[in-house]
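*Asks:* Quick one: sequence and predicted model below, then my questions.
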Amino acid sequence: MPETIDILNALALFANFVAIPALAYGSQLALGALGVTLIFGILRFAYFAHGDLMAFGTMLAVLTTWGLQGAGIGIAPLPTALLALPVAILGAVALSLAADRAVFRFYRARRAKPVIFVMASVGVMFLFNGLVRLIIGPNDQRFADGARFVFTARDFKEWSGLAEGVALRQSQALTVVVAALVVAALFWFLQRTRTGKAMRAYSDNEDLALLSGVDPDRVVRVTWIIAAALATIAGVLYGLDKSFKPFTYFQLLLPIFAAAIVGGIGQPIGAIVGGYLVAFSEITLTYAYRKFFAYLVPAWEPDGLLQILSTDYKFAVSFIILVVVLLVRPTGIFKGRVL
Amino acid sequence: MKKTLLASAAVALALTGAAGAQEVKIGVILGFTGPIESLTPDMAASAELAMKEASDAGTLLGGKVLVPVRADSTCVDSAAAVAAAERLVTSEKVAAIYGPDCSGVTMAVTANVSVPNGVVTISPSATSPALSTIEDKGYFFRTAPSDARQGQVLADIVKERGIKSVAVTYTNNDYGKGLADAFVAAFTAAGGEVPIVSAHEDGKGDYSAEVGALAAAGADALAVFGYVDQGGKGVIQAALDTGAFDTFILGDGMIGDSLTQTFGSALDGSFGTAPGSAGDNFAKFDKMAKANGIMGDGPYRGESYDAAALIALAMQAAGSDDRAAIQSKIIEVANAPGEPIGPGELAKALDILAKGGDVDYVGATNVELIGPGEAAGSYRELEVKGGKFTTVRVR
């Protein structure tokens, strides 16, 4: 039997390399998937420009952050980007409403098929994509400031006396806290407010909602506002936690869609569960468990790394999840619509 | 009106014609954008410094001037690099090419542009062992030694420092794989242990999963053979954040001021190698570079200066700026016998060559070419101390 201290070491190792990163990444995916799922629920199409909308919002946050830093305004030890968030959200909302007015309203008026909306959203995606690259360029931008760690691996080792350290970055803690607050606010809005109820009614049965006097333009507008705000918050948190690079945001589209579909597209609760599920799958499947089991089973000295998939296949994991769910249970965990 | 136009056109033609007779264009193709974009401005400036020095002497082919023409190799996109090199060779009509920088694009440019067109191509920094054996028809040279040797030197250093097991990660391309293979072979032959070798892709947002796998192997240190402005930096960031590794072994692509600027003294105790020497000649070059506004301490500045100087000297020795003539003299001016030429002595060398004498170009980095495509050379052993790269010694 392993000693208690070894079990604690194994747990610390797992927390440091799997649980904490997956929790933060999952929160970011959940916020992104919430936006996708809301748009799907109410506007009834898969919005492919969501990843680049995230990039656009984050870009505004980065530029505003640089301005604030230049002016010497900050809220240390918290990152300045939090102050820049409202500006970025306003910009992303304006862009989304403009895209809706210029593109999607036209097709809505003609009651176009969903697939036409999807294709139009691919066009909008390329537009956002180019816009971001024109303004800030394709390169990595760093905008995180303030304290980097809540506690470092070294702090933890000294405090606990364990051989394995656990580090908690401020951006990770911030991500989880902000995501929890935003999700709580969103659910309160959808369940308790008049507009939220109107949105749910509209999503449930469009014609019935219209007969009951729900203003469709208002519902669509509010949906875009919420989706853009969620996208910007998700993007800024991801950028603070990792780094801001337009291309990686485009790539995020895949795990975000996987998350929304696994949970059941059109179901807000499903988006959250799906986000964590995809994040934990990606990280647990590509982690090498050699050291972990070396603590738990002292007599066993494995030759290999005990890694199920090489880290190169990280994105393949979300792909596999997507395909399996669509084949086996197309409605997802929480019985969303069939995509 | 028509007459004035015609007259001014004729004057302009005469002027450019006159200037053209005195100018010899030299291609400068480096990755000004891409994963080593923070290193290339200083490298190009160093090469252009040598061209300016040779031109200012006034004796190059009876008073000709070398004009650098820059092009972007991108370091990683072979198609873009080949297109850029094509432009240099066919529309700019350069006499020779300094560059490219990274191994993959260098292979592509050599095979598709330099060899078919018969243009001397001297890379300051392509270090893949594979470049020693490519079909170059004698047109490809390099002033940096092959990574087969860097891997050996690095393995020796790791061994001497008493590190017994090393996890290795490399950028997934010709350069990274070549260096990683050379290091792993040399280190295991010396009795070291390499429990994991894994590639990383450049340009990802997050490398914590890669670092998690590397850490699980339980090695003492992490060897990173990547690029300083790319995935290599991301891997180190993730390793420091999770406390997975404290000591990093850095290949030459990872040596750059942007690394120490980002991480500061968190990297103290990490070490690596970069081609170059710290002898009198290099110190002299360094002083000269700083006096000319090349302020960085990045690698390959000396190699760049030397590559451009070799082109100028070969031209003088051949007595012509013809492409094939330059090719025939490169090895002759680079190696013994002859008067040793250090950095800043190009005017002297041009004089000797004009009089029919012989030179042995030593330059900033003790240039010694072993046939086309291969250079002997020394490495600086660097260690991070107080958040800065310092040269421990030269091997």
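*Replies:* Right, received. Where do you want to start?

*Asks:* From the centroid of chain B, which residue is nearest?
*Replies:* B:S125 (2.3 Å; Cα atoms, centre = their mean).

*Asks:* so which strand or helix has it?
*Replies:* Using DSSP states H and E, B:S125 falls within no helix or strand.

*Asks:* what's the answer for B:I97, then?
*Replies:* strand B:96-98.

*Asks:* one step back: please tell me I have it right and the residue nearest to the centre of chain B contacts B:M43.
*Replies:* Yes: with contact defined as Cβ atoms under 8 Å, B:S125 counts as touching B:M43 (7.2 Å). Bear in mind the C-beta positions are built from the backbone N, C-alpha and C, glycine included.

*Asks:* Need the residues touching each of the two.
*Replies:* Applying Cβ atoms under 8 Å, 6 or more residues apart in numbering or on different chains, one finds that B:S125 and B:M43 are jointly contacted by B:D101, B:Y300, B:E303, B:S304.

*Asks:* Sketch out the low-pLDDT regions of the chain for me.
*Replies:* Since you didn't name a chain, this refers to chain A. A:1, A:338-339 (pLDDT under 70).

*Asks:* let's do chain B instead
*Replies:* Ranges of chain B meeting pLDDT under 70: B:1-21, B:277-279.

*Asks:* Which residue, other than its chain neighbours, is closest to whichever residue of it sits closest to chain A?
*Replies:* Proximity to chain A, evaluated over chain B using Cβ to the nearest Cβ, is greatest for B:G243 at 2.4 Å. Excluding the flanking residues, the one nearest B:G243 by Cβ to Cβ, 6 or more residues apart in numbering or on different chains is A:A153, at 2.4 Å.

*Asks:* how about the residue lying closest to B:D358 once chain neighbours are set aside, what does it touch?
*Replies:* Spatial nearest neighbour of B:D358, excluding adjacent residues (Cβ to Cβ, 6+ apart): B:G338 at 3.6 Å. Neighbouring residues of B:G338 by Cβ under 8 Å, 6+ apart: B:I352, B:G357, B:D358, B:V359, B:D360.

*Asks:* what's the burial count for the last one?
*Replies:* Same thing as B:D360. Burial of B:D360 is recorded as 17 neighbouring residues (other Cβ atoms under 10 Å in any protein chain shown).

*Asks:* can you confirm it is in a strand?
*Replies:* Yes: using DSSP: H, G, I helix; E, B strand; the rest coil, the assignment for B:D360 is a strand.

*Asks:* check contacts around it.
*Replies:* B:V333, B:A334, B:N335, B:A336, B:P337, B:G338, B:E339, B:P340, B:I341.

*Asks:* mind redoing it with 10 Å?
*Replies:* B:332-341, B:349, B:367-368 (Cβ atoms under 10 Å, 6 or more residues apart in numbering or on different chains).

*Asks:* just checking, B:F389 touches B:T273?
*Replies:* No: in this structure, B:F389 is not within contact of B:T273 by Cβ atoms under 10 Å, at 11.2 Å.

*Asks:* who has more neighbours, these two?
*Replies:* Neighbours per residue, other Cβ under 10 Å: of B:F389 and B:T273, the larger number sits with B:T273, 26 against 23.

*Asks:* For the more buried one, which three-state class applies?
*Replies:* strand.

*Asks:* Not counting residues beside it along the chain, what's closest to it?
*Replies:* B:Y379 (4.5 Å).

*Asks:* doesn't B:R395 make contact with the one you found?
*Replies:* Yes: using Cβ under 10 Å, B:Y379 is in contact with B:R395, at 5.1 Å.

*Asks:* Which of the two has more residues huddled nearby?
*Replies:* Applying other Cβ under 10 Å to B:Y379 and B:R395 shows that B:Y379 carries more neighbours, namely 23 against 16.

*Asks:* Can you report phi and psi for the more buried one?
*Replies:* phi -120, psi 140 (degrees, to the nearest 10).

*Asks:* That one and B:F271, how far apart?
*Replies:* 12 Å (Cβ to Cβ, to the nearest Å).

*Asks:* what is in contact with the two at once?
*Replies:* Common neighbours of B:Y379 and B:F271 (Cβ under 10 Å, 6+ apart) are B:L154, B:I157.

*Asks:* Strands along chain A, start to end?
*Replies:* A:149-151, A:168-169 (DSSP state E).

*Asks:* Tell me which of those sits most buried.
*Replies:* strand A:168-169 (a mean of 21; mean count of other Cβ atoms under 10 Å in any protein chain shown).

*Asks:* Alongside chain A, which residues does chain B contribute?
*Replies:* B:33-34, B:37, B:172, B:195-196, B:198-201, B:203-218, B:229-230, B:233-234, B:237-238, B:240-244, B:246, B:262 (Cβ under 10 Å from any Cβ of the partner chain).

*Asks:* What is the burial count for residue 191?
*Replies:* No chain was given, so I picked chain A. Counted with other Cβ under 10 Å, A:Q191 comes out at 10.

*Asks:* To clarify, I was referring to chain B.
*Replies:* 8.

*Asks:* hey, where'd the strands end up in the stretch 1-150 of chain B?
*Replies:* B:23-30, B:65-72, B:96-98, B:121-123, B:140-142 (DSSP state E, counting those that start in this stretch).

*Asks:* would you list the ones you listed in TSV and tack on distance to B:G162 and mean neighbour count?
*Replies:* What follows is these, written out as TSV (distance: least, Cβ to Cβ, whole Å; neighbours: other Cβ atoms under 10 Å in any protein chain shown):
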stretch	distance to B:G162	mean neighbour count
strand B:23-30	38	25
strand B:65-72	43	19
strand B:96-98	41	31
strand B:121-123	35	30
strand B:140-142	33	27
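
*Asks:* Distance to A:A98 added to those, as CSV?
*Replies:* As requested, the strands of the stretch 1-150 of chain B are exported to CSV (distance: least, Cβ to Cβ, whole Å):
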stretch, distance to A:A98
strand B:23-30, 41
strand B:65-72, 35
strand B:96-98, 48
strand B:121-123, 49
strand B:140-142, 53
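
*Asks:* so which of the ones you listed gets nearest B:N292?
*Replies:* Closest of those to B:N292 is strand B:65-72, at 14.0 Å (criterion: Cβ to Cβ).

*Asks:* residues contacting the closest residue in space to A:R169 that isn't next to it in sequence?
*Replies:* Nearest non-adjacent residue to A:R169, counting by Cβ to Cβ, 6+ apart: A:F149, 5.7 Å away. For A:F149, the contacting residues are A:D155, A:F156, A:A167, A:L168, A:R169, A:Q170, A:S171, A:Q172, A:A173, B:D241, by Cβ under 10 Å, 6+ apart.

*Asks:* B:P100 too?
*Replies:* B:27-31, B:71-75, B:78, B:81-82, B:84-85, B:106-110, B:113-114, B:121, B:123-126.
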